[in-house]
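what follows is a predicted protein model with its sequence.
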Amino acid sequence: MTSSAGEKSLRLGFDETRTRVVLRTTESFQQELVQLAARFRTGGQLGPLSVSVSLDELLADLGLLGRWSDPAGVEWADDLRDLVSGVVQDAHTVQQRLAGQQAPGEVAADEVPLLLGDSWKGELSEFQRRDIAKLLSLQHGANFSVPGAGKTRVALAVYAAQKAAGRVSRLLVVCPKSAYESWRYETAECLVHPLRINVLDGSLDQWAEVLVVNYERLDRSLPMLAGWLKSAPSMIILDEAHRMKLGARGTYGAACMALGPLAARRLILTGTPAPNGSRDLENLLGFVWPGHGQRTVVQAVAGGDLAHASTVLRPLFTRTTKHELGLPPVRLGLRFVDMPPLHDEIYTAIVGGERGGAAREDLSSLGKTALRLLMAATSPALLLEGGSRYEPLAYQLPPMEVPEGGSLYSLMQNLPDYELSPKYKEAVAIIAENAAQGRKTLVWTTFVRSLTTLERMLEKYSPAVVYGGTPDREEQIRRFREDPACMVLISNPATLGEGISLHHVCHDAVYVDRDFMAGRFLQSLDRIHRLGLAPGTETRVTVLAVRNSIDEVVAASLERKLEFMGRILDDPTVQQLADLEEEPSVAAGLAPGDIEALLSHMGGR
């Protein structure tokens, strides 16, 4: 059967979310459309003559459309046809690379300067030219280089080359607020005529060539951004793309997935592409290459051979490693400390209480349980509300005797009167030792009350403090960088884990605690270990953990995640981070009187 003249038997186009494809037919082909939809797991009837199928599945199984009895009557919407042809072309290029063949259109590193156009003036390193060449050889791309490798500059160069070739004329950058300044700086530094940039924090500048928006604004700005992308050939860049690692299941990911098909070129940037395993990588590459990217990851890791998976996936992304940057290795140590008797008793009771609850049946409750246990491993007193939200724990010096027969609640409430947290004790000792050598220390802790407690204990060292509620964040960071009296910066990875460089002034970091987020751990490590370190600089990182606590579970979980990511990216430096060297506690031999004298000397209470 064939369609009548001028009438198409099968028309394909996006639905409004652009994550599904709508297939429409005529009455003559109604039964054939029903049969076609049934071959797709995600196929669903919309009406008598229309069905919808997931974009990913349709692209993964394009061969099913080849069974349509009237191939001449198939019509693709322009934006869908462009998306499909780009994905298919890149898939073919990747297959040729894996077969050891030179794919048509492959760009060599030494050709890059000629492709950037007359407006480019920025300097490019050898590995940046290599990465740009690889990204220009594909329609769409992924740059998984480590922080400090210049991913922003590489991405801007890809845009400049595409613009010079007449393929795109505007750029949408999705990034955290902390990256705004980097994009402003690079556009001014790399181009003869700085691009007109509009940071979307209110009205839209219709004449802007570069539109910058943060992930938090994406969802509520979708219609505006979609119209902007459609009005001219555009490129979209997701900076710190791990923010949308949940894919369509997350708010950020769903918004990115809806915008992606509207761009002529898609590029993602992140140094931590698989912080929780292969599913993260599936979603990231699924944005770049719908259907093909996700399926390739699934097939690559299915057999469990990560060396093979790395070989299969390597043509899909570019990555500059810390080894290639010539960075001196970081010295990573894991120090276990023991809970004092009362702390141990309270922690055991809390674990028993959580075990008896409904936490195991509900993921949300399980997450809250993990947070409570992480707090309790540092100090159970953090679990109780203070006089204010972020009130620091006030430690009694010298500690008082524990009263007989007190209730668990009152003992927990008054714990700072009886015992000093072993983690705080160790952190204080490390910082005092570093300060005596003139070395500044970056202290990471997840919880704000823990942060304010350390601020009070370390008063002698004029600590800078940065968390979500800090009103003068820039001033605190400036003080840490420039004030010789400020020897400590205390923050949490959620606030300061991205977008800041401290490697010129600080070479020591202490983790009072860590959560299960491998990406945050890696990102925070890179604040003091990145490109620009002087040769021979010794970077020391110490992770504190309480024996027989949730800290051991976190350590094992992060080890698995980092091992996976290091192997899938073929990056031994990431794998080495999974194997922390255990080292002795420096505070273990200090008697209570020694700690009392140390804290008193430091101005603690």
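Good, I have the coordinates. Residues are numbered from 1 along each chain as shown.

pull the distance from stretch 343-350 to the chain's centre.
From the chain centre to the centre of stretch 343-350 is a distance of 34 Å (C-alpha atoms, centre = their mean, to the nearest Å).

cool, and stretch 571-579?
With C-alpha atoms, centre = their mean as the basis, the distance from the averaged C-alpha position of stretch 571-579 to the chain average is 17 Å.

pull the residues that contact that stretch.
With C-beta atoms under 8 Å, 6 or more residues apart in numbering as the test, stretch 571-579 has contacts from 319, 321-323, 329, 332, 522, 525, 558-563, 565-567. Every residue, glycine included, has its C-beta placed from N, CA and C.

quick one: the strands in the stretch 351-500 of the chain, in order.
With DSSP state E, counting those that start in this stretch as the definition, the stretch 351-500 of the chain shows strands at residue ranges 440-444, 464-466, 488-491.

pick the most deeply packed of those strands.
Ranked by mean neighbour count under mean count of other C-beta atoms under 10 Å, those are led by strand 488-491, which reaches a mean of 26.

strands paired with it, and their directions?
Strand pairing for strand 488-491, determined by DSSP bridges: strand 440-444 (parallel), strand 464-466 (parallel).

now the ones you listed in a markdown table, with distance to residue 542 and mean pLDDT?
As requested, these are arranged in a markdown table below (distance: least, C-beta to C-beta, whole Å; pLDDT from 0 to 100):
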| stretch | distance to residue 542 | mean pLDDT |
| --- | --- | --- |
| strand 440-444 | 9 | 98 |
| strand 464-466 | 19 | 96 |
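
how about those, which one is nearest residue 472?
Using C-beta to C-beta as the criterion, the shortest distance between residue 472 and those is 9.2 Å, found for strand 464-466.

tell me how far that closest one lies from the chain's centre.
What separates the centre of strand 464-466 from the centre of its chain is 23 Å, taken as C-alpha atoms, centre = their mean.

next, the contact list for the residue nearest to residue 60 when sequence neighbours are not counted, please.
Sequence neighbours aside, residue 291 is the residue nearest to residue 60 in space, at 4.3 Å (criterion: C-beta to C-beta, 6 or more residues apart in numbering). Listed by C-beta under 8 Å, 6+ apart, the contact partners of residue 291 are 55-60, 87.

just the element for the residue nearest to residue 309 when sequence neighbours are not counted, please.
Distance criterion C-beta to C-beta, 6+ apart; nearest residue to residue 309, sequence neighbours excluded, is residue 300 at 4.0 Å. Here residue 300, judged by DSSP states H and E, is contained in helix 292-301.

alpha carbons of that helix, as CSV, please.
What follows is helix 292-301, C-alpha atoms only, in CSV (Å, rounded to 0.1, in the frame of the first residue of the first chain):
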residue,chain,number,x,y,z
HIS,A,292,22.7,6.0,21.1
GLY,A,293,24.6,7.4,24.1
GLN,A,294,22.5,5.6,26.7
ARG,A,295,22.4,2.3,24.8
THR,A,296,26.2,2.4,24.2
VAL,A,297,26.9,2.8,28.0
VAL,A,298,24.4,0.0,28.9
GLN,A,299,26.0,-2.4,26.4
ALA,A,300,29.6,-1.4,27.3
VAL,A,301,29.2,-2.1,31.0
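
give the next helix or strand downstream of it.
Using DSSP H and E, the helix or strand that directly follows helix 292-301 along the chain is helix 306-313.

buried stuff in that next one?
Within helix 306-313, the residues scored as buried using 16 or more other C-beta atoms under 10 Å are 306, 309-310, 312-313.

helices and strands around it, which ones?
When contacts are defined as 3 or more C-beta pairs under 8 Å, 6 or more residues apart in numbering; DSSP states H and E, helix 306-313 sits against helix 292-301, helix 550-568.

hmm, back to that, which one of the strands of the stretch 351-500 of the chain lies closest to residue 154?
Ranking the strands of the stretch 351-500 of the chain by their distance to residue 154 (criterion: C-beta to C-beta) puts strand 440-444 first, at 27.3 Å.

output the closest one as CSV, nothing but the C-alphas.
Included here for strand 440-444 are C-alpha records, laid out as CSV according to Å, rounded to 0.1, in the frame of the first residue of the first chain:
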residue,chain,number,x,y,z
LYS,A,440,47.0,27.2,55.8
THR,A,441,44.4,24.5,56.1
LEU,A,442,41.0,24.0,54.3
VAL,A,443,38.6,22.2,56.5
TRP,A,444,35.5,20.4,55.0
